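Colleague: Build me a model:
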Amino acid sequence: MPQVTFTDSSGAETVIAANVGDSVMETAVRNGITGIVAECGGSLSCATCHVFVREDQLASLAPMEEMEDEMLWGTSVDRQDNSRLSCQLRIDEGSDLHVTLPETQV
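Modeller: The predicted structure is shown next:
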């Protein structure tokens with residue numbers, strides 16, 4: 001079963017078993033991960049599920065689409081080269097993702 005490792009802004013890690021086809025955001029919300037607000041519920045209209053993807057995993061993800069790119073300019077914590085919206089990151093079979101949460105989403 002795939003896993004997502006969430007690292008909070010203080011460095012504490014939580015590893016969660018994830019369902020294939022779910023988003024990283026859905027996995028976080030379902031498991032009570034503090035730091036993913038997900039105000040819009042994954043409809044790509046709020047940027048409150050901002051995460052930083054581990055650099056070595058970026059190339060394995062589906063490319064960012066234009067709307068996600070635009071939404072990332074509205075995050076509370078400055079966007080970085082490895083910023084993504086977790087609602088747009090789908091869990092694939094055998095994928096183990098590592099994401100770091102910003103200090104705040106709002």
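
Colleague: any idea how far the residue nearest the centre of the chain is from Met25?
Modeller: Residue closest to the mean C-alpha point of the chain, counted by CA atoms, centre = their mean, is Ser86 at 2.7 Å. Computed as CB to CB, to the nearest Å, the Ser86 to Met25 distance reads 4 Å. To be clear about C-beta, it is placed using only N, CA and C from the backbone, and glycine gets the same treatment.

Colleague: what number of residues lie near Met25?
Modeller: 24 (other CB atoms under 10 Å).

Colleague: again with Gly42
Modeller: Gly42 is flanked by 17 other residues according to other CB under 10 Å.

Colleague: from memory it sits against Asp22, does it?
Modeller: No. Gly42 is beyond contact range of Asp22, at 10.0 Å (criterion: CB atoms under 8 Å).

Colleague: quick revisit: who touches both of Ser86 and Met25?
Modeller: Common contacts of Ser86 and Met25, defined by CB atoms under 8 Å, 6 or more residues apart in numbering, comprise Ile36, Cys49.

Colleague: At which residues are the helices of this protein located?
Modeller: Along the chain, counting by DSSP state H, helices occupy 24-30, 66-71.

Colleague: Let me know which of these is the nearest to Ser95.
Modeller: Closest of those to Ser95 is helix 24-30, at 10.1 Å (criterion: CB to CB).

Colleague: Contacts for that closest one, please.
Modeller: 4, 6, 16, 18-19, 22, 33, 35-36, 38, 42, 49, 51, 85-87, 89, 91, 97, 99.

Colleague: For it, the averaged confidence score.
Modeller: Averaged across helix 24-30, pLDDT comes to 98.

Colleague: Can I get that helix as PDB, trimmed to CA atoms?
Modeller: Output in PDB follows, covering the C-alpha atoms of helix 24-30 (Å, rounded to 0.1, in the frame of the first residue of the first chain):
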ATOM      1  CA  VAL A  24      -2.600  13.800  -0.800                       C
ATOM      2  CA  MET A  25      -5.000  16.400   0.500                       C
ATOM      3  CA  GLU A  26      -7.800  13.800   1.000                       C
ATOM      4  CA  THR A  27      -5.300  11.500   2.700                       C
ATOM      5  CA  ALA A  28      -4.300  14.300   5.100                       C
ATOM      6  CA  VAL A  29      -7.900  15.400   5.900                       C
ATOM      7  CA  ARG A  30      -9.100  11.900   6.500                       C
END
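
Colleague: Many thanks, I have nothing further to ask.
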